[in-house]
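K.L.:
predicted model and sequence follow; I will ask about them next.
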Amino acid sequence: MKQSKLILSAAGILILGLLLGRYVLPRDVQSQEETPPPSEEPVASIWTCSMHPQIKQPDPGDCPICGMDLIPLIEDSREYSGPREMRMSESAKALADIQTRPVTRDYPEAKVRMVGKLEVDETRVKSLTARFPARIDRLFVNYTGIPVNKGEHLAEVYSPELLSAQREFLSSYQNNPDSSITAAAREKLRLWDLLPEQISSIIDQGNASDSFTLKAPIGGIVLSKNVKEGDYIQTGEPLFKIVDLSVLWLYLDAYESDLPWLKHGQSVEFTVASFPGKTFTGQIAFIHPEVDPKTRTVPIRINVPNPENQLKPGMFANGIVRARLAEDGQIFAPEFAGKWISPMHPEIIKDAPGQCDVCGMDLVSAESLGYVNSKETNPPLVLPASAVLKTGKRAIVYVENPDTDRPSYEGREIVLGPRAGDVYLVTSGLQEHERVVTHGAFKIDSALQIQAKPSMMNEKKVSKQGRMETGVLKLNPEEAIEILPGYLSLQAALTQDDLDSAKTALGELMSVTGHEGPLAMLIHKMRDAENLDGIRRPHFETLSNALIATVKENPSALNPEHAPLFQMQCPMVYSDRENNAAEWLQADENLRNPYFGASMLHCGETKKVLGK
């Protein structure tokens, strides 16, 4: 009986506790207990390298082969559609930092920089010579460099011949001022450099003088003085040379490649060391018709106003021409549209045909001088220079495909015009408003290569036997110098059949080349090879051919410690193409074949010694 009461008491306490928990405890505690745990979305569990997809790691980090940042494999999976097209997710686009810009129409500005020197204007030089025999009694200008004004006295001379000519003029004038004899006598004095006021003075005085004052025919600087006091001079002897420095000529040297952007009448800005921070201007008046065979430059003459005589002949100058480019090598200059320009004096510009006010030559139309009529021509297509991948003579861009569910890019070969600053003119291959990749194009191209898709950077040609020929690689002298030590290490490793040493040498090359560009892509391909044959043919040959070509074209650019280099050739490297031979470089003349190693170590011959 007692045990039954205990059981009932315990049951009552339990029921009371449940009721208190339901109605007394706070509501938020109940809701917290009843809320199910949030579901976790799946996250990336594998990280890989965009350059080496065989690398797969469970955590983010760096690629053990090339050192690039790993990317998540699950979130950034890519799809490849056409042979030269790549699609990617938005997250992959952001991670690869793919940037695009539209192709537009504009008149881009090209800056042509030149250096040169100021000289006197040859058309403003006056040589004063003796027109009659005389003796120099007194020199008023007795040293060179002195400035004179027009009409100022230069020297005082005695001349019996001049005295006789004055008497003849007075006699005929007093007899009949309008006679032909008087006119002839006056003309004789004029031809002897007597100024009109000097002839009038003879008439006013009524007598001839045996002393005569030579006066300056123009104002300027006395460049040379060829007489001294007491000298007796004959007809035709030079006395003084005077130059007007109010206008100077500036000769600038232009490279052949810059000539299309230089036209008659263009404005030129230049600076001189004497006036830092100050810019002077002039106009192109003459472009020399011949190229200097030594410097490969063409002299360009600029007319420079010098009203304050700040500029001096002989000063060095740095000039710049800002040319706005149009199609077909023409220049866009709205200020010359429909104008007529003097072919000798470009400062003379008129709205209609006529003659030059200075020299009297017929004016020519601005269009005949290479300027485009802005009213009749559309601006050319322009493309950001950062979008272009250049390999040899080919130019490649990646174009963004519009109206796709995911970012999609397709490689396209285009034809470029000239470069103007940060843009290229487009000859063909693109349309206005198409968007091109300006940042990340190398990543797209390398991703296509990793997936065994055709790369736009390597133009492969098929031989008659059906084998893919070696790609073409171009190097500049700086690249050749930087990679030469690593190349020689790679060549030595291949001759020893040492795969590990070859991979080490390729790592040395990669530290120099980085991870972007055709050269870096070639190094990546060799590092990805699983055996020596994958390095030797055709990749090592491609690298060797590029180095040999660069060394031949730029022998003086070689680092002296690597000179001379020996160009070797083996005639048996290939058996499935018309030309079976392959070449390489060595630092010594002891031939060691990198294509065969120990099996045919000394097969080949020395073809040429470079850099002697």
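P.N.:
Cool, got the structure. Since this is a predicted model, take the numbers as computed values, not measurements.
K.L.:
quick one: the helices in the stretch 151-300 of the chain?
P.N.:
Per DSSP state H, counting those that start in this stretch, the stretch 151-300 of the chain carries helices over the ranges 160-175, 180-191, 196-205.
K.L.:
ok and the shortest one relative to helix 160-175, angle-wise?
P.N.:
On the basis of axes from the mean of the first three to the mean of the last three Cα atoms, to 10 degrees, helix 196-205 is oriented at 60 degrees to helix 160-175.
K.L.:
the second one now?
P.N.:
Inter-element angle recorded for helix 180-191 and helix 160-175: 140 degrees (by the same axes, to 10 degrees).
K.L.:
contacting residues around helix 180-191?
P.N.:
Applying Cβ atoms under 8 Å, 6 or more residues apart in numbering, the external contacts of helix 180-191 come out as 131, 165-166, 168-169, 172-173, 175-176, 196, 198-199, 202. Yep, even glycine has a C-beta here, placed from its N, CA and C like the rest.
K.L.:
make a ChimeraX selection of the buried ones in the residues you listed.
P.N.:
Only the buried entries of these go into this ChimeraX selection, using 16 or more other Cβ atoms under 10 Å:
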select :131,165,166,168,169,172,173,198,199,202
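K.L.:
I'd like the contacts of helix 180-191 written out as JSON lines, with pLDDT added.
P.N.:
Formatted as JSON lines, those follow (pLDDT from 0 to 100):
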{"residue": "Arg131", "pLDDT": "84"}
{"residue": "Ala165", "pLDDT": "86"}
{"residue": "Gln166", "pLDDT": "84"}
{"residue": "Glu168", "pLDDT": "87"}
{"residue": "Phe169", "pLDDT": "86"}
{"residue": "Ser172", "pLDDT": "87"}
{"residue": "Tyr173", "pLDDT": "86"}
{"residue": "Asn175", "pLDDT": "85"}
{"residue": "Asn176", "pLDDT": "87"}
{"residue": "Pro196", "pLDDT": "82"}
{"residue": "Gln198", "pLDDT": "81"}
{"residue": "Ile199", "pLDDT": "84"}
{"residue": "Ile202", "pLDDT": "83"}
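K.L.:
ok, the contacts of helix 180-191 vs Asp357, which is closest?
P.N.:
Pro196 (23.6 Å; Cβ to Cβ).
K.L.:
coming back round to it: and the helices of the stretch 151-300 of the chain: which comes nearest Ala546?
P.N.:
Nearest of those (Cβ to Cβ): helix 180-191, 73.1 Å.
K.L.:
mind listing what's buried in the closest one?
P.N.:
Going by 16+ other Cβ under 10 Å, helix 180-191 has these buried residues: Thr182, Ala185, Arg186, Lys188, Leu189.
K.L.:
give the contact list for the nearest residue to the second one once chain neighbours are set aside.
P.N.:
What that stands for is Ala185. Nearest non-adjacent residue to Ala185, counting by Cβ to Cβ, 6 or more residues apart in numbering: Phe169, 3.9 Å away. The contact partners of Phe169, by Cβ under 8 Å, 6+ apart, come to Thr182, Ala185, Arg186, Lys188, Leu189, Ile199, Ile202.
K.L.:
again with Asp178
P.N.:
With Cβ under 8 Å, 6+ apart, Asp178 has no contacts at all.
K.L.:
quick check: it vs Ile218, distance?
P.N.:
31 Å (Cβ to Cβ, to the nearest Å).
K.L.:
ok, now Leu194?
P.N.:
In terms of Cβ to Cβ, Leu194 sits 16 Å off from Ile218.
K.L.:
count the residues that sit near Gly319.
P.N.:
Neighbour count for Gly319, taken as other Cβ atoms under 10 Å: 24.
K.L.:
each with direction, which strands does the helix or strand harbouring it pair with?
P.N.:
Take DSSP states H and E as the rule and Gly319 turns out to sit in strand 316-324. Neighbouring strands of strand 316-324 in its sheet, by DSSP bridges, are strand 109-120 (antiparallel), strand 267-272 (antiparallel).
K.L.:
now the helix or strand following the longest one: buried residues?
P.N.:
Downstream of strand 109-120, the first helix or strand assigned by DSSP H and E is strand 125-129. Residues Lys126, Leu128 are the ones in strand 125-129 that count as buried (16+ other Cβ under 10 Å).
K.L.:
send the alpha carbons of strand 125-129 over as CSV?
P.N.:
Provided in CSV are the C-alpha atoms of strand 125-129 (Å, rounded to 0.1, in the frame of the first residue of the first chain):
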residue,chain,number,x,y,z
VAL,A,125,70.7,85.5,-94.9
LYS,A,126,72.0,88.6,-96.8
SER,A,127,75.5,88.7,-98.1
LEU,A,128,76.8,92.3,-98.7
THR,A,129,79.5,92.3,-101.5
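K.L.:
partner strands of that strand and their direction?
P.N.:
According to DSSP bridges, strand 125-129 has these partners: strand 238-243 (antiparallel).
K.L.:
if we ignore the residues flanking it in sequence, what's nearest Tyr595?
P.N.:
Nearest non-adjacent residue to Tyr595 (Cβ to Cβ, 6+ apart): Val573, at 4.7 Å.
K.L.:
the one you found contacts Glu541, doesn't it?
P.N.:
Yes. Between Val573 and Glu541 there is a contact under Cβ atoms under 8 Å: 7.4 Å.
K.L.:
pLDDT below threshold where in this protein?
P.N.:
For the chain, the stretches with pLDDT under 70 are 1-45, 50-54, 72-84, 329, 374-376, 392, 449-471, 555-563, 575-578, 611-612.
K.L.:
mind doing that once more with 50?
P.N.:
Counting by pLDDT under 50, the ranges of the chain that qualify are 1-2, 6, 8, 14, 18-21, 23-44, 74-80, 460-470.
K.L.:
let me see the domain layout of it.
P.N.:
Here the domain parsing of the chain from automatic domain parsing is 41-75, 99-106+380-450, 477-610.
K.L.:
make CSV out of those and add mean neighbour count and distance to Val291.
P.N.:
Shown next, in CSV, are the domains of the chain (neighbours: other Cβ atoms under 10 Å; distance: least, Cβ to Cβ, whole Å):
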stretch, mean neighbour count, distance to Val291
domain 41-75, 14, 46
domain 99-106+380-450, 18, 19
domain 477-610, 18, 20
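K.L.:
hmm, back to that, buried residues in the strand holding Gly319?
P.N.:
Ala317, Gly319, Val321, Ala323, Arg324.
K.L.:
are we agreed that Lys443 is in a helix?
P.N.:
Yes. Counting by DSSP: H, G, I helix; E, B strand; the rest coil, Lys443 falls inside a helix.
K.L.:
how about it, nearest residue that isn't a chain neighbour?
P.N.:
Nearest to Lys443 is Ala96, by Cβ to Cβ, 6+ apart, at 5.0 Å.
K.L.:
just to check, the one you found is in contact with Asp445?
P.N.:
No. Counting by Cβ under 8 Å, Ala96 does not reach Asp445; the two are 11.8 Å apart.
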